[in-house]
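Visitor: the following block contains a protein sequence and its predicted model.
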Amino acid sequence: MSDFLSKLDRIDRRWLYAFTIILVIIPIVSPLGLPVKVSKPTRDFYNVISSLPEGSVVVYEEGSISGQYDVTRAACLATFKLIFSYPVKFIAFCDSADGPVLLKDMLSMVDPESYGKEYGEDYVIFGLAPGGETATASFATDIRKTYSTDLYGTPIDEIPLMSEINSAENVDLIIQVFVGCYNCDWVVRQWVVPYNTKYLGITSECCTPMIAAYYPASCKAYLPGTIGATEMEILARLPGEGATVSDAKNLGLIPMILFIILGNIAYFRKRFGKEEEK
Amino acid sequence: MTPIEVFMTWVAAILTLMVLSFLWKENKFYRIAEHVGVGAAAGHGTLTAINSIQTSCLNPLLKGQLLLVIPLILGVMVFLRLSKNYGWMSRYPMMFMTGTGIGVMLGAIMEGQIIGLLKVTVADIFVDNTFLAVSALIVLIGFITTLSYFIFTKEHTGGLGISARIGRVFIMASFSCNWSAEMIYYLGLIVSAFMFLINVWIKQSILGI
Amino acid sequence: MLVRTGRIFDLLLLAILAITTYVYIKRAEEGKKLPPIRKIPAVDAMEEGIGRAVEKGGMVHFASGGSGGRLSSEYLGMVIASLNCLEHVAKLCARLGVPLVVSAPSRPEALPLIEGIVRDSYRSEGKIEDFNRDMIRFYGSDTGAYAQGICGTIVRENCACNINIGAWHTDCLLVLAAAHDIGAMNIGGTGRWIMMYAFAMLADFSMIAEEIYAAGALVSGDRGVISGLAAEDIGKFFALAVIILGLIVSAISLPTFLVFIGM
Amino acid sequence: MSITIKSLIPTLITTIVAIFIIVEYFAPPNAILGEIKGSFTSWAVIIASFTIILGALYLVRFHGLKIIKEGLGSQEGFFSSITLFILVLFVSVGLAFGGTGTSQYNLIYMNIMKPIASITRGICFFYCISAAYRAFKLESWEATSMLVAGVLYSLRQIPIGPAVWSPIESIGDWILAYPNVGATRGGIVATAFGSIIIALRTLYNKELSVKLVSEVE
């Protein structure tokens, strides 16, 4: 037995990596289709959007990056489909270099015109404002000082939607997509604290522990990556890709349990081995 | 799929496999993907920076907002870092940004990062629901003991030592939650990558299903 | 009213911290006694790690993280703390003649300061001829490419000591794991709580969150800078006092506490 | 060139700009101060863009010198030429077709930059689980707390967890919402004090690394 354990202890971890890849591929080829329960943050997210009065102004801050697009896209698409099915105004701006490209990619998938939305009247997109918190502070304080034109070069004063909107005081809800886990602090500090703006977060699973510290006091609700997207797709009955990714994650956790068991076997063998020597 | 889409799908798939090869060991294929990734990130960053300078500085400056000549000059001074004798002048834009950063952060951090959290940590305890009150008490204990761990002007002995030790248990539990959240997030990216390789690259562009 | 409503308590705390910091700096400059600062093992480990690089004939790598150059929000404190540590590391490397590679952050707002500090450190050690701008590498403005570029550099250029202090994102896990796999000594920490788990699990010597500010102060060796740690502790005692008083007041009347703290 | 111009005036700029924005935050709403703050923050955004271009110049210089020194035929020269070629490809496609919003740019972005950036983070999953092999050992209270919290919250996050044992959802959410939040808030507050004191020290012109005096080229 101890010979087997010592062999187990000296396994090259790269064989375990190969075993992990196989486990990840199995559910992709033949999905398990396990059930998913909708959690409270996702339910609150849905309720905040669906209870917006007609004509409300929603600002959407796009902070996703190319490397994490696969994890936030499903939740953003579900949010767009939800928002565009209500009579509200939608203003998007970007605080990450990849934001403009990703935002256009997602809007082309959702096609706002199919929801009866007209660009310039019902929704507008602004490009990148680099500088992190300074950029979101600048947008909250004075939109015209931050952007003179929209993403397509149209002067801001020629956009009907923006005629009476120039700062956070004219905004009813801000939805922030962030993948730098501290970036939720920017909106808390520059929108919620000074203007008491209602705030929803869309983030990847890794930032959930950080926004949890603000929920529900400063942040009314949030969607954590693909599991949040899966729950929203179920709750709002929206077709999407979240469910497939969540399903394929299931077997991927087995290697983690295996690594922990092997680690403790190695630890206790070394510890009891020493005590026997004593 | 159009021919160009098939070709670009092959490019994306091969680059993905090249990066995955780093799991085995650092090799030439990984190095190619590394240098492609660095070039793309620098190119994309440069492009978005040029676009941002144009829309938020040059266009409004040409339309009469003359004060914008100040950030334009400060921005150009950044490049003086490359000069042998005038490198020190690049400190002016640096210190302007530092001043703005401090100003924007120093005001709101009080409420957002300190007093707001103190308020909610205390207020959460005084609720009617016993389970929530006890849970909020655990948050309070975690908060106080974690804060005590970060006291620098006293050795962690005696009462402070016990508090700091309890704080470390809470800290490790929190690290573990963050580790778990990150691991599931990375798992999502790995699954998405293999979904692309299987469903788009193999099925669509090779087998044509 | 002189102060905006709802921000009086905030201003009170800022004033306490501003006065405390100033008083401690003055005491330090006048040579008066200051509270002792407890030891942080990772601070001494930097010198040990660089010494090890000399023995192994390897290179020292310093990086402040993907956002380790952002001069805004809470990154600013982490960036300045990492600049203090960079100055300490660069001086040691110049003195001992160890090759140093500094990876510039993917958000390079502080890039001119980074080069200025490394150049200044080599000059103050009388080794300005050893300074070369090639020591400072930029990998583009994406944290993925940043991590990739550093991993390649660490593995190919025989890194013996990897020091990562500053504002890190998902990039630190890859960098720490790559350095760990080739047997380099990992030292580091970040003020970003969410990423501290990677340092706790993979670094040989880790600085937990606020300890990077303490490290930045301790390595400067300047009493005025070190006295800032005492001012930080005053802030923590103030926070603990608000908690205890808040509990007492809230037990009597929660709205009273909320009104007072929300002034 | 005197130290005043090299070091004192820049740090004076920092103090003046910072105080203006802090006063705007704490003073009753004031249009002029709001205007000044808006200008300063939007100017900082503009300068941030210039530093990204400076970074690219460092990159071009590093790889350009390598190609010149080692030659295109060498291995080092070959890899450096890849970086410069891809950089030029992205900038030229962006400038030629009118920015990052075009379908041509989207094609190279979605098939070159995104896959690399995504899988580079993805492989961190393997390092995460092998880090668990090292760190999650029942050897101390801290390590045990790490093991228990990590495994329970992991099982909560994937559908198989609640599907096999439904209480795992509320247990996982409880660990996230209470013990984790307690330590996270403690960590955030401690870090906030660190940031504040460094910011104040910079305003007092006592922050050494930022003061940077010598700068004699």
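Guide: Here it is on my side, so go on. Bear in mind that the values here come from a model prediction, so they are computed numbers and not experimental data. Residues are numbered from 1 along each chain as shown, chains lettered A, B, ... in the order given.

Visitor: quick one, helices of the chain?
Guide: If you meant another chain, say so; for now it's chain A. Under the criterion DSSP state H, chain A contains helices at A:2-9, A:13-29, A:40-50, A:69-83, A:99-110, A:133-141, A:143-146, A:183-187, A:193-195, A:208-212, A:225-235, A:242-249, A:254-277.

Visitor: that answer is for a different chain, and I need it for chain D
Guide: Per DSSP H, chain D carries helices over the ranges D:3, D:9-26, D:31-70, D:75-97, D:103-108, D:114-122, D:124-135, D:141-157, D:160-164, D:167-177, D:179-203, D:208-211.

Visitor: coming back round to it: can I get the helices of chain A in TSV including mean neighbour count, distance to residue C:140 and mean pLDDT?
Guide: Backbone N, C-alpha and C define where each C-beta goes, glycine included. Formatted as TSV, the helices of chain A follow (neighbours: other CB atoms under 10 Å in any protein chain shown; distance: least, CB to CB, whole Å; pLDDT from 0 to 100):
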stretch	mean neighbour count	distance to residue C:140	mean pLDDT
helix A:2-9	11	41	63
helix A:13-29	16	27	85
helix A:40-50	18	34	94
helix A:69-83	25	17	92
helix A:99-110	21	15	90
helix A:133-141	29	20	86
helix A:143-146	21	25	87
helix A:183-187	27	20	87
helix A:193-195	20	34	88
helix A:208-212	27	26	78
helix A:225-235	26	25	88
helix A:242-249	24	27	73
helix A:254-277	15	32	75
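
Visitor: TSV for these, including distance to residue B:48?
Guide: Converted to TSV, the helices of chain A look like this (distance: least, CB to CB, whole Å):
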stretch	distance to residue B:48
helix A:2-9	49
helix A:13-29	33
helix A:40-50	29
helix A:69-83	15
helix A:99-110	7
helix A:133-141	12
helix A:143-146	15
helix A:183-187	17
helix A:193-195	28
helix A:208-212	26
helix A:225-235	25
helix A:242-249	28
helix A:254-277	37
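
Visitor: with distance to residue C:194 as extra columns, can I get the helices of chain D in TSV?
Guide: Shown next, in TSV, are the helices of chain D (distance: least, CB to CB, whole Å):
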stretch	distance to residue C:194
helix D:3	40
helix D:9-26	26
helix D:31-70	23
helix D:75-97	30
helix D:103-108	31
helix D:114-122	14
helix D:124-135	14
helix D:141-157	14
helix D:160-164	22
helix D:167-177	13
helix D:179-203	8
helix D:208-211	25
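
Visitor: quick check: which of those is nearest to residue C:223?
Guide: Nearest of the helices of chain D to residue C:223, taken as CB to CB: helix D:208-211 at 11.4 Å.

Visitor: nearest to residue C:128, of the helices of chain A?
Guide: helix A:133-141 (34.7 Å).

Visitor: and the helices in chain B?
Guide: Secondary structure of chain B (DSSP H): helices located at B:3-20, B:28-53, B:59-62, B:69-77, B:91-109, B:116-123, B:130-149, B:158-195.

Visitor: which parts of the shortest one are buried?
Guide: Meaning helix B:59-62. For helix B:59-62, burial by neighbour count (16 or more other CB atoms under 10 Å in any protein chain shown) applies to B:59, B:60, B:61.

Visitor: so how far is stretch C:47-54 off the chain centroid?
Guide: Mean-position distance between stretch C:47-54 and its chain equals 20 Å (CA atoms, centre = their mean, to the nearest Å).

Visitor: actually stretch D:56-63, sorry about that
Guide: With CA atoms, centre = their mean as the basis, stretch D:56-63 stands 20 Å off its chain's centre.

Visitor: quick revisit: and of the helices of chain A, who's closest to chain C?
Guide: For chain C, the closest of these is helix A:133-141, at 3.6 Å, according to CB to the nearest CB.

Visitor: for that closest one, packing partners?
Guide: For helix A:133-141, the packing partners by 3 or more CB pairs under 8 Å, 6 or more residues apart in numbering or on different chains; DSSP states H and E come out as strand A:57-63, helix A:143-146, helix A:183-187, helix B:91-109, helix D:31-70.

Visitor: residue of chain A with the smallest distance to chain D?
Guide: Proximity of chain A to chain D (CB to the nearest CB) peaks at residue A:67, 3.3 Å away.

Visitor: show me where the stretch 151-263 of chain C has strands.
Guide: Using DSSP state E, counting those that start in this stretch, the strands of the stretch 151-263 of chain C run over C:159-166, C:185-190, C:205-208.

Visitor: which strands and helices sit next to the last one?
Guide: Looking back up the chat, that one is strand C:205-208. Right, strand C:205-208 is packed against helix C:41-56, strand C:185-190, helix C:196-202 by 3+ CB pairs under 8 Å, 6+ apart.

Visitor: give me the residues contacting it.
Guide: Residues outside strand C:205-208 that contact it (CB atoms under 8 Å, 6 or more residues apart in numbering or on different chains) are B:149-150, B:171, C:40-43, C:45, C:49, C:165, C:185-189, C:196, C:199-200, C:214-215, D:187.

Visitor: only whichever of those residues are buried, select them in ChimeraX.
Guide: Selection of the buried residues among these in ChimeraX, burial being defined by 16+ other CB under 10 Å:
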select /B:149,150,171 /C:40,42,43,45,49,165,185,186,187,188,189,196,199,200,214,215 /D:187
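
Visitor: what's the burial count for the closest residue to the residue of chain A closest to chain D other than its chain neighbours?
Guide: Spatially, and ignoring its direct neighbours in sequence, residue A:67 is nearest to residue D:117 (3.3 Å; CB to CB, 6 or more residues apart in numbering or on different chains). Around residue D:117 there are 31 other residues, counting by other CB atoms under 10 Å in any protein chain shown.

Visitor: same check, this time on residue D:152
Guide: Around residue D:152 there are 20 other residues, counting by other CB under 10 Å.

Visitor: and if you look at the one 3 residues further on?
Guide: The burial metric for residue D:155, expressed as a neighbour count using other CB under 10 Å, is 21.

Visitor: for the one 4 residues further on, same thing?
Guide: For residue D:159, the neighbour count with other CB under 10 Å is 20.

Visitor: would you mind measuring from it to chain C?
Guide: 24 Å (CB to the nearest CB, to the nearest Å).

Visitor: which ones are touching the closest residue to that residue other than its chain neighbours?
Guide: Distance criterion CB to CB, 6+ apart; nearest residue to residue D:159, sequence neighbours excluded, is residue A:34 at 4.5 Å. By CB under 8 Å, 6+ apart, residue A:34 lies in contact with A:247, A:250, D:159, D:160, D:163.

Visitor: now the second one: how far from residue B:203?
Guide: Read it as residue A:250. Per CB to CB, to the nearest Å, residue A:250 is found 21 Å from residue B:203.

Visitor: neighbour count winner among those two?
Guide: Taking other CB under 10 Å, residue A:250 and residue B:203 do not tie; residue A:250 has more neighbours (23 against 12).
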